[in-house]
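Colleague: only geometry, no sequence info:
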């Protein structure tokens, strides 16, 4: 009798243990499901928060763009209202901003040019929009016959490194390549600056170097001025051009010796296609640049690191 009772107790204990184990497993499963649901909710909330932030960011950008356009629009209206009072001219002189903030005289020049827009080459008007410094040159384009009207001045010859501009009316209208010196003659103008600085004579004005480059085949249609002008052509003007490596210490050493360096430039601060500039010295640890296409850029001092990635090739010059 006792043994039967013990067997019944043992059997009941086993059933209770199995039931408890089953309950424990179910509770564990429910906990895991709850944790998964909570994690899914958290992830959903994170995604919703990210979406809200992206929407808010887009709204802020749109508001900023709208405000900029509104400010430009209102500023244009204000400028028109104040034009003729002298205020806009004073603002332009103070800020040195280009058109449409230019002086009344510059505004009138532009109006005269665009009144005869069809008479100008499209590339010349496009160049004017990119570089307001060309305004006077473009204004005189229709009255020019493409001839050279002057050479280097005594003041330019007396300077250590004169800044010569390819769009100077003295030679800018003269033909070069498939255009004129103003638009295509950066390389001859750079070599002219170098020769003038080193030899101190006016025998190598930009038009003289441009004619030489054309006659000797240093200009290639569709490409521009050949690099070989800097090494093979330079000796005919009494200077030696030596291709050097793109090295900061070497460049600074050459400039400190008084050797100007012509650089062929990649698209960047100076050009959207290709361009030549002259490095002429060091000031306050920065490089002095003569850019034949921009007086404004020539008045700045440039960090080597800013120029480095834009320089495609370079040549240091000295007297023969």
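Modeller: Sure thing, it's come through. Predicted, not measured: the structure shown is a model, and the values here were computed from it.
Colleague: Surely residue 141 touches residue 125?
Modeller: No: taking contacts as Cβ atoms under 8 Å, residue 141 lies outside contact range of residue 125: 9.9 Å. Heads up, the C-betas are built off the backbone N, CA and C, glycines and all.
Colleague: Strands along this structure, start to end?
Modeller: Along the chain, counting by DSSP state E, strands occupy 175-176, 179-180, 219-220, 224-225, 239-243, 261-265, 275-283, 286-290, 301-302, 311-319.
Colleague: Direction included, what does the second one pair against?
Modeller: Taking DSSP bridges as the criterion, strand 179-180 sits next to strand 175-176 (antiparallel) in its sheet.
Colleague: picking up where we left off before, comparing residue 141 and residue 125, which residue is more hemmed in?
Modeller: residue 141 (22 against 15; other Cβ atoms under 10 Å).
Colleague: List the contacts of that one.
Modeller: 120, 124, 173 (Cβ atoms under 8 Å, 6 or more residues apart in numbering).
Colleague: my guess is the last one contacts residue 150, does it?
Modeller: So that's residue 173. No: using Cβ under 8 Å, residue 173 makes no contact with residue 150, being 11.6 Å away.
Colleague: Have a look at those two and say which one is more surrounded.
Modeller: More crowded of residue 173 and residue 150, by other Cβ under 10 Å: residue 173, with 22 against 11.
Colleague: Residue 271: how many residues sit nearby?
Modeller: Residue 271, neighbours per other Cβ under 10 Å, totals 17.
Colleague: now the closest residue to it other than its chain neighbours: how far from residue 272?
Modeller: Leaving aside its sequence neighbours, residue 271 sits nearest to residue 265 (Cβ to Cβ, 6 or more residues apart in numbering; 5.6 Å). Residue 265 sits 11 Å away from residue 272, going by Cβ to Cβ, to the nearest Å.
Colleague: More neighbours: which of those two?
Modeller: residue 265 (21 against 8).
Colleague: which residues of the stretch 151-300 of the chain fall in helices?
Modeller: Using DSSP state H, counting those that start in this stretch, the helices found in the stretch 151-300 of the chain span residues 154-158, 181-184, 186-199, 206-215, 228, 248-256, 295-298.
Colleague: returning to that earlier point: any chance of a markdown table for the contacts of residue 141, columns distance to residue 61 and pLDDT?
Modeller: Formatted as a markdown table, the contacts of residue 141 follow (distance: Cβ to Cβ, whole Å; pLDDT from 0 to 100):
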| residue | distance to residue 61 | pLDDT |
| --- | --- | --- |
| 120 | 38 | 95 |
| 124 | 37 | 95 |
| 173 | 46 | 98 |
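Colleague: what residue ranges in the stretch 1-150 of the chain score low on pLDDT?
Modeller: Where the stretch 1-150 of the chain drops to pLDDT under 70, the residues are 1-23, 76, 79-102.
Colleague: what do you get if the cut-off is 50, keeping everything else the same?
Modeller: Across the stretch 1-150 of the chain, the ranges flagged by pLDDT under 50 are 84, 89, 93, 95-99.
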